[in-house]
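S.K.: Sharing a sequence plus its predicted fold:
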Amino acid sequence: MTSSFSRRRLLRGVGASKPALSCDPNYFDYDRPSYVPYTPQLEQVWLKRSKGYADACRRKNDPDLLANMKTTDTVADMESIRTALGAEKMNFYGYSYGTYLGQVYATQHPDRVRRMVLDSNVDWRDVWYRSNLSQDPGFDRNLLIWFDWLASHDDTYHLGRTRAAVKNVFDEQLLKLAHNPAAGAVGPDEWLDIFQQAGYYQLRWTQLGSAFAGWVNKGDGATLKTLFEQFAGRGDDNTFAVYLAVECTDTQWPTDWNKWRVDNWVTFGKAPYFTWLNAWFNAPCVFWPAKAGKPVTVGSKAVPSMLLVDETLDAPTPYE
């Protein structure tokens, strides 16, 4: 979400692929319980939702497809494409999750790599449970940087002239929306889903700033509703289903919820906005209906040339 990647190409089960994965198209609908499980009841509601999604994936999809959605399966597809094209070697550009795909391909087929550019690199040592926890502080940090930017343009947005002032307004809306959702639909969860985009893409700062200011200053909930449906993929869970099918089976996630509870509350102390959003995004992996494999130990001295690019403020693939 908050994932290691938000878009996919060249993967089984996605987009126009047949069969295309889908489990519950309405999973990202309105009127969801609060992400932060302040009570045992809220935690149980989310665990039930997460298990329900995993169960729906089992019921609605071919078990052979679910069992063969690992990154190594996509690497095998890539190699089949190279062979079919009669290409002796492959040039590859990958970003975010695509960097992991490139790493695994280069490890398994080093003699077939001509050039690779890997942009925003996944740390293969942490796939995928630890890598998701490591994302959360970066998203919160980037949100605060966006608050700074909004404050520097208070003449446009009128949300406050300091980071603290903008943050207070943002936090007030989380409380307000818990009781009175914008446009009758956008509550705290949807609000966070929308504005998490500020942590991903600087190019959306102006659009998000206008939506934030439009709600606070003019009561424009319709724009928030439109953005939520655009960003969260309401009514279409294909990307989410494929995301889980890959990440839940590339390696075994912890199946003891107590570990998730402890790790996410600890992380929440450093990243209170997006930790639990990310936790529940991935929680179906606790119950996933396909057997997990073993992650590839990445590395090969035989790869001829790779350019690795990382950004210091990249939240999904943290800079080290």
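M.R.: Perfect, thanks for sending it.

S.K.: Mind listing what's buried along stretch 170-184?
M.R.: Going by neighbour count (16 or more other C-beta atoms under 10 Å), the buried part of stretch 170-184 is 170, 173-174, 176-177, 181-183. Glycine gets a C-beta too; all of them are placed from N, C-alpha and C.

S.K.: so residue 253 sits right up against residue 131, yeah?
M.R.: No - at 11.3 Å, residue 253 and residue 131 do not qualify as touching, with contact defined as C-beta atoms under 8 Å.

S.K.: one step back: which one of the buried residues of stretch 170-184 sits closest to residue 47?
M.R.: Using C-beta to C-beta, residue 174 is the member of the buried residues of stretch 170-184 that sits closest to residue 47, with 22.6 Å.

S.K.: coming back round to it: now, which of the buried residues of stretch 170-184 sits nearest residue 215?
M.R.: Nearest to residue 215 out of the buried residues of stretch 170-184 is residue 182 (C-beta to C-beta; 6.0 Å).

S.K.: Identify the bridge partners of the closest one.
M.R.: residue 186 (DSSP bridges).

S.K.: Show the model's pLDDT score for it.
M.R.: Note for residue 182: predicted pLDDT of 97.

S.K.: what sits against it?
M.R.: Shown in contact with residue 182 (C-beta atoms under 8 Å, 6 or more residues apart in numbering): 191, 215, 221, 224-225.

S.K.: any chance of those in CSV, with distance to residue 297 too?
M.R.: Below are those laid out as CSV (distance: C-beta to C-beta, whole Å):
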residue, distance to residue 297
191, 41
215, 48
221, 50
224, 45
225, 46
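
S.K.: any weak-confidence spans in this structure?
M.R.: Across the chain, the ranges flagged by pLDDT under 70 are 1-10.

S.K.: That one: helices as residue ranges?
M.R.: Listed in chain order, the helices of the chain (DSSP state H) span 40-60, 63-66, 71-85, 97-108, 129-152, 154-157, 163-179, 188-195, 197-200, 205-218, 221-232, 238-250, 257-268, 275-282.

S.K.: In TSV: these, plus distance to residue 122.
M.R.: Below are those laid out as TSV (distance: least, C-beta to C-beta, whole Å):
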stretch	distance to residue 122
helix 40-60	23
helix 63-66	22
helix 71-85	10
helix 97-108	4
helix 129-152	7
helix 154-157	34
helix 163-179	30
helix 188-195	23
helix 197-200	15
helix 205-218	25
helix 221-232	22
helix 238-250	11
helix 257-268	18
helix 275-282	15
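
S.K.: coming back round to it: for the buried residues of stretch 170-184, give me JSON lines that also has distance to residue 51.
M.R.: Formatted as JSON lines, the buried residues of stretch 170-184 follow (distance: C-beta to C-beta, whole Å):
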{"residue": "170", "distance to residue 51": "32"}
{"residue": "173", "distance to residue 51": "31"}
{"residue": "174", "distance to residue 51": "27"}
{"residue": "176", "distance to residue 51": "31"}
{"residue": "177", "distance to residue 51": "27"}
{"residue": "181", "distance to residue 51": "26"}
{"residue": "182", "distance to residue 51": "30"}
{"residue": "183", "distance to residue 51": "30"}
